[in-house]
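*Asks:* How does the following fold in three dimensions:
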Amino acid sequence: MSKPLTINGELLLLCERLEIARFLHFYVQYLFRQGLVLPALQIINFHELAKLPALAERLPSCDGSEKVHSVIVFADAASDLEQRSNIVASVRGKEYFLHRKTSTHFFFPGRQPGKRWRHGYFEDMLMEALKPEAASKENFLNLINTAREYLLSVNICRRQEQPFVNFNRQLLYAYFAGTEKYAGCNLAQAAALGVFDLEHQTFASLRKCFTEQAQNKISKS
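*Replies:* Residues are numbered from 1 along each chain as shown. Below you'll find the model as predicted:
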């Protein structure tokens, strides 16, 4: 039996994975410190895209669901973007979502300059914004390349059965493990310690997503 879900935010961030949910919790705090004021929000991890329709069916009957003005679905584009887009579009077409002020979605790793969603994963975006932890850029590149070579050799061994689907996820954690500063951290914890350049262009579409919600708050008030 599913645990009772109580809604306590005007803005719902529905996240496909725990790693995405944790990072967005950190990222909205980062934006707040920069002066971006968002509506009261709640982050919900629905674990995998296949479970999103079931969550969408539950939402209207949850305590506090009438408070919600906006909903954003965050998910990986992966390699089957069309199929995933159809699932999200089907959910957003449900009556509850249609009656919100705004209902939108965001596919990681974000948009291309031409506005199309890129194929890939949340960690692909983070990899592009990774900052060197080592004393020199050369040492940083050596560590990244060593981790990549190790994972590629592991992937060769796994290829017959189950190759890595999200390679950069493994690469980021392998890199963290080889440092003093980030060893043992999850992605959000490492972000809080400064491992990613949060002003990198790769975050532009994500920042825009939240900026639009802040503008909705201003127009509402």
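*Asks:* Now do the strands in the protein.
*Replies:* 11-15, 41-45, 70-76, 102-108 (DSSP state E).
*Asks:* Of those strands, which is nearest residue 139?
*Replies:* strand 102-108 (29.0 Å; C-beta to C-beta). Where C-beta positions appear, they are placed from N, C-alpha and C, glycine not excepted.
*Asks:* returning to what we had before: save the strands of the chain as a markdown table, and put in mean pLDDT and mean neighbour count too.
*Replies:* Below are the strands of the chain laid out as a markdown table (pLDDT from 0 to 100; neighbours: other C-beta atoms under 10 Å):
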| stretch | mean pLDDT | mean neighbour count |
| --- | --- | --- |
| strand 11-15 | 98 | 24 |
| strand 41-45 | 97 | 18 |
| strand 70-76 | 98 | 23 |
| strand 102-108 | 96 | 20 |
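*Asks:* Reformat these as a markdown table; add distance to residue 55.
*Replies:* Formatted as a markdown table, the strands of the chain follow (distance: least, C-beta to C-beta, whole Å):
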| stretch | distance to residue 55 |
| --- | --- |
| strand 11-15 | 7 |
| strand 41-45 | 7 |
| strand 70-76 | 10 |
| strand 102-108 | 14 |
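*Asks:* so how far is residue 96 from the closest residue in space to residue 174 that isn't next to it in sequence?
*Replies:* Among residues not flanking residue 174 along the chain, residue 147 sits closest, at 3.9 Å (C-beta to C-beta, 6 or more residues apart in numbering). Computed as C-beta to C-beta, to the nearest Å, the residue 147 to residue 96 distance reads 44 Å.
*Asks:* what bits of this structure have low per-residue confidence?
*Replies:* 1-2, 133-138, 160, 216-221 (pLDDT under 70).
*Asks:* Nearest residue to residue 42 in space, please, no chain neighbours.
*Replies:* That would be residue 9: by C-beta to C-beta, 6+ apart, it lies 3.2 Å from residue 42.
*Asks:* ok, that neighbour to residue 72 distance?
*Replies:* According to C-beta to C-beta, residue 9 stands 11 Å off from residue 72.
*Asks:* Could you do residue 13 as well?
*Replies:* 5 Å.
*Asks:* dump the residue contacts of residue 178.
*Replies:* Going by C-beta atoms under 8 Å, 6 or more residues apart in numbering, residue 178 touches 143, 146, 147.
*Asks:* give me phi/psi at it?
*Replies:* phi -90, psi 10 (degrees, to the nearest 10).
*Asks:* and the lengthiest helix in the chain, which residues are buried?
*Replies:* In the chain, taking DSSP state H as the definition, the longest helix is helix 137-158. For helix 137-158, the neighbour count (16 or more other C-beta atoms under 10 Å) marks 140, 143, 144, 147, 148, 151 as buried.
*Asks:* just stretch 205-212 next, same as before
*Replies:* 205, 206, 207, 209, 210.
*Asks:* Could I get those in CSV, plus columns for distance to residue 32?
*Replies:* What follows is the buried residues of stretch 205-212, written out as CSV (distance: C-beta to C-beta, whole Å):
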residue, distance to residue 32
205, 19
206, 15
207, 13
209, 15
210, 10
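*Asks:* what's the closest of those to residue 31?
*Replies:* residue 210 (5.8 Å).
*Asks:* need the helices for the chain, in chain order.
*Replies:* Going by DSSP H, the chain shows helices at 18-33, 52-58, 81-92, 95-98, 122-128, 137-158, 167-177, 187-192, 204-220.
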